[in-house]
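K.L.:
no sequence for this one, just the structure:
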């Protein structure tokens, strides 16, 4: 948004073409600009891909031109009900590679609600880079927050119990090639 003659002017508004009540599109955002193209990753942790997958969540990927015209690229969807994929997102460019990371705090692969963080190449939407999860930490909500800069990724586990009940923790990862 910008102010023109005392009036706030919004440069663009983006909504999900398949948006439904309760999706919470825009709950988290990751943005990076590289080679005259902006890449936007938008979290929507309340997305229900089907009646059986309530609150599976999703992360939507868009490109933006210099005038902020958005072009939908792809949608990454949670695999099971209650995953809340897209609760947190981050996007960054490393050289010519653009990666997006989205948190899935309700993922159950490492234990009930242990959580996960999934990394995808935003310039090649079908490409899976990595899926990170805590080691046997049920109810940690790993991935509720993510921050990414260069080859460093920080993932929040706000319900981790190592320092006491729900004391929380942050795990730091470094990237080599396409692996965290």
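P.N.:
Noted; the coordinates are in hand. What you see is a predicted model, and the numbers here were worked out from it, not measured in a lab.
K.L.:
and residue 179, what are its bridge partners?
P.N.:
Beta-bridge pairing of residue 179, defined through DSSP bridges, involves residue 176.
K.L.:
Can you tell me how far residue 81 is from residue 140?
P.N.:
For residue 81, the distance to residue 140 equals 19 Å [Cβ to Cβ, to the nearest Å]. Heads up, the C-betas are built off the backbone N, CA and C, glycines and all.
K.L.:
oh sorry, the question was meant for residue 156
P.N.:
With Cβ to Cβ as the criterion, residue 156 and residue 140 are 9 Å apart.
K.L.:
if I look at the two, which residues touch both of them?
P.N.:
Among the neighbours of residue 156, those also in contact with residue 140 (Cβ atoms under 8 Å, 6 or more residues apart in numbering) are residue 169.
K.L.:
the more surrounded of residue 81 and residue 140?
P.N.:
residue 140 (28 against 17; other Cβ atoms under 10 Å).
K.L.:
helix/strand/coil for the more buried one?
P.N.:
Classification of residue 140 by DSSP: H, G, I helix; E, B strand; the rest coil places it in coil.
K.L.:
check contacts around it.
P.N.:
Remark: with contacts taken as Cβ under 8 Å, 6+ apart, residue 140 is in contact with 111, 113-115, 134, 157-161, 169.
K.L.:
Would you mind giving those residues as a markdown table with neighbour count, pLDDT and secondary structure added?
P.N.:
Listed next are those as a markdown table, based on neighbours: other Cβ atoms under 10 Å; pLDDT from 0 to 100; DSSP: H, G, I helix; E, B strand; the rest coil:
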| residue | neighbour count | pLDDT | secondary structure |
| --- | --- | --- | --- |
| 111 | 17 | 90 | coil |
| 113 | 19 | 93 | coil |
| 114 | 26 | 94 | coil |
| 115 | 33 | 94 | strand |
| 134 | 23 | 88 | coil |
| 157 | 24 | 93 | strand |
| 158 | 17 | 95 | coil |
| 159 | 21 | 94 | coil |
| 160 | 23 | 93 | coil |
| 161 | 15 | 92 | coil |
| 169 | 17 | 94 | strand |
